[in-house]
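Engineer: next one to model:
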Amino acid sequence: MSTVYDVTTWTVPGNPAVTCWTDVGAVINSIIAAVKAGQPDQNSKPGAVIYLPPGDYPLKTRVEVDVSYLTIKGSGHGFTSSSIRYNSGDTSSWWEIWPGGSRIRVQNTDGRAEAFRVARTGNPRLSSVVFENFCLDGVGFTPDQNSYRNGKVGILVDTANDAFRIERMGFVYLERALVVRDADALSVSDNFIAECGNCVELIGSGQASKVTDNLIGAGYVGYSLFAEGHEGLLVTANNIFPRGKSAIQFRNTNRSSITANRLHGFYPGMITFEGLNKENLVSGNHLRREAEPWGPMQPYGNGRDDLFGVIQLRGDNNLVTGNLIAWYVDPAKITPAGATPTMILVASGASNVIATNHVVANVGVKTVVLDATTTGTRVLDSGTAAQFQAYTGSYAFRATP
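Structural biologist: Next up is the predicted model:
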């Protein structure tokens, strides 16, 4: 019995009128039911591959994934900018205007928010589910194409999981692209996730996971990458585009690394820690902060002012070192008006180290600011004495020579 299923050749038992061209969600659910029926032996469940050849597939019914060792894959992530299309007016002369490749149009006329929900109770937890090389397209935001709101979720992993992989995918125009709860050894790698309200959300808890080598860019309403309750998360070599409320946001996350990323942002708070975060490394990142240059998006923002910090740190024993912050904003666009912008704000916590960071700016800035509740912070070679400000007496400071 074959364990490779092609959605274009699958017939739904008892309902041949349902095809991948009418509802690919119903077809994939039918295939998963067949996989479970064909692999009932507890000792032998090799799983299966569900293949989406290049094409446009409407998804009207949420896919329910409740089996391990399942790969859902296509042959092309098919991403193209929907924001440029919707803000361009006349596209009649364009070569193409919609995402391509193996593209699923998330319509969800069943009233469910998610295109794919991955969940199973009992033991063991789901393992080794793979989403690979196809496009999840939310089609449009309503009623405002620049709102990043449509209630649609690309993939929701809703129960504890182990060794999942999301690779070479395309996500566009979804309110929430990828949401993974309670992940262990998750790999999110080499994806194109942009023009979504939130791009990657790692919620609940997690350990020993990685978000690497992605091209990511959320809208002003949400996060390009959000992680909470994680231990040992590796965030490396991502190219993160502007407009996310935060490029990277950690909440109560410990012993994790944000390293060697290129971050471009139009708003304060590009890297933000909230809650209590311990023993994290923020190193070797290139942060470029500018003002929004594109007319259609200039009315929007993330609600933070320039005293918030390009990096805002909260927690204990974190190390922020070797980062380059390149800050260029027209003085007339600084908020509050007349303020001296903050590059790194240590907002709370004890025994943090800020060392050998380099700031390039078109105006006078405070490279490091310590709030009053901080204790034992060491600030080394990260700005001149005039660029450093402390509202606490509990610190050590060595100015950049």
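
Engineer: can you give me the helices in the chain?
Structural biologist: Listed in chain order, the helices of the chain (DSSP state H) span residues 20-38, 82-86.

Engineer: what mean pLDDT does the first one have?
Structural biologist: Taken as a whole, helix 20-38 has an average pLDDT of 98.

Engineer: and it, what's buried?
Structural biologist: Using 16 or more other Cβ atoms under 10 Å as the test for burial, helix 20-38 gives 20, 23-32, 34-35. No exception for glycine: its C-beta is placed from N, CA and C like everyone else's.

Engineer: on contacts alone, who are the packing partners of it?
Structural biologist: strand 4-6, strand 48-52, strand 55-59, strand 63-65, strand 70-74 (3 or more Cβ pairs under 8 Å, 6 or more residues apart in numbering; DSSP states H and E).

Engineer: number of residues surrounding the closest residue to residue 152 other than its chain neighbours?
Structural biologist: Excluding the flanking residues, the one nearest residue 152 by Cβ to Cβ, 6 or more residues apart in numbering is residue 138, at 4.4 Å. Neighbourhood size, residue 138 [other Cβ atoms under 10 Å]: 28.

Engineer: which residues does the closest residue to residue 252 other than its chain neighbours contact?
Structural biologist: Distances taken as Cβ to Cβ, 6+ apart place residue 275 nearest to residue 252, at 4.1 Å, with adjacent residues excluded. Contact analysis of residue 275 by Cβ atoms under 8 Å, 6 or more residues apart in numbering lists 228, 251-252, 314-315.

Engineer: separation between residue 365 and residue 188?
Structural biologist: 33 Å (Cβ to Cβ, to the nearest Å).

Engineer: more neighbours: which of these two?
Structural biologist: When residue 365 and residue 188 are compared on other Cβ under 10 Å, the one with more neighbours turns out to be residue 188, at 28 against 20.

Engineer: how close does that one get to residue 129?
Structural biologist: For residue 188, the distance to residue 129 - Cβ to Cβ - is 13 Å.

Engineer: likewise for residue 142?
Structural biologist: 30 Å.

Engineer: on that earlier part again, make JSON lines from the helices and strands packed on helix 20-38 and add distance to residue 395, mean pLDDT and mean neighbour count to it.
Structural biologist: Shown next, in JSON lines, are the helices and strands packed on helix 20-38 (distance: least, Cβ to Cβ, whole Å; pLDDT from 0 to 100; neighbours: other Cβ atoms under 10 Å):
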{"stretch": "strand 4-6", "distance to residue 395": "61", "mean pLDDT": "98", "mean neighbour count": "14"}
{"stretch": "strand 48-52", "distance to residue 395": "56", "mean pLDDT": "98", "mean neighbour count": "22"}
{"stretch": "strand 55-59", "distance to residue 395": "54", "mean pLDDT": "98", "mean neighbour count": "21"}
{"stretch": "strand 63-65", "distance to residue 395": "50", "mean pLDDT": "98", "mean neighbour count": "21"}
{"stretch": "strand 70-74", "distance to residue 395": "51", "mean pLDDT": "98", "mean neighbour count": "22"}
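
Engineer: right, and those strands - which one's nearest residue 333?
Structural biologist: Proximity to residue 333 (Cβ to Cβ) singles out strand 55-59 among these, at 41.2 Å.

Engineer: about what we covered before: looking at the contacts of residue 275, which one is closest to residue 170?
Structural biologist: Among those, and counting by Cβ to Cβ, the member closest to residue 170 is residue 228, at 25.3 Å.

Engineer: got the contact list for that closest one?
Structural biologist: So residue 228 contacts 202-205, 250-253, 275 (Cβ under 8 Å, 6+ apart).
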